[in-house]
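Q: predicted model and sequence follow; I will ask about them next.
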Amino acid sequence: MEETTWYTKQRSQMEDSLWTLKQRSRVLQDYRQDIQKVWQDDTASEINNRYFRPHEEDSGKCLTALSQQLSLLQQSDEELEVAKQHGLKVSCLSEAVEKLLNFARQDISRSHSEYSAFQDQNSAARAELPVIERLISQANSCCQ
């Protein structure tokens, strides 16, 4: 649970940092456009070409990459939540299967016990067959 809280806090900080970075970059570019109207000499052109334009390009790439990363993290969160739900469902189904498996084991054990009793009774009945045949023969011989 602590890991989840830590992760949530880190992602929230990342969202805040991204928002702040976007704002600062926007403010710098707005300021640059405002000052460009007033400051149009060779030095301004050199500073723009050497510092501000590369900064604008790098900033745009960085903001795009961070936004994509944040988006992918949000997708991962959603997929992790789905996986968590599937895990809970699997756990419940596993418990149900375990109960059914225990019932099946009990039924098999009872069947083995009943089969053993059947074998004993069948053997006892077969052992009595010669006696029964002798008695039937005696009965038949008396009646004739």
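A: Cool, got the structure. None of these values were measured; they are calculated from a predicted model. Residues are numbered from 1 along each chain as shown.
Q: what are the boundaries of the strands in this structure?
A: In the chain, no strands are defined using DSSP state E.
Q: for the longest helix along the chain, name the packing helices and strands.
A: When the chain is parsed with DSSP state H, its longest helix is helix 53-143. In this structure, helix 53-143 packs against helix 2-36, with contacts taken as 3 or more C-beta pairs under 8 Å, 6 or more residues apart in numbering; DSSP states H and E. From N, CA and C alone the C-beta is placed, and that goes for glycine too.
Q: relative orientation of the longest helix of the chain and helix 2-36 in degrees?
A: Helix 53-143 runs at 150 degrees relative to helix 2-36, counting by axes from the mean of the first three to the mean of the last three C-alpha atoms, to 10 degrees.
Q: and the pLDDT at the most centrally placed residue in the chain?
A: Central residue of the chain (C-alpha atoms, centre = their mean): A83, 2.3 Å from the mean position. You'll see A83 listed with a pLDDT of 93.
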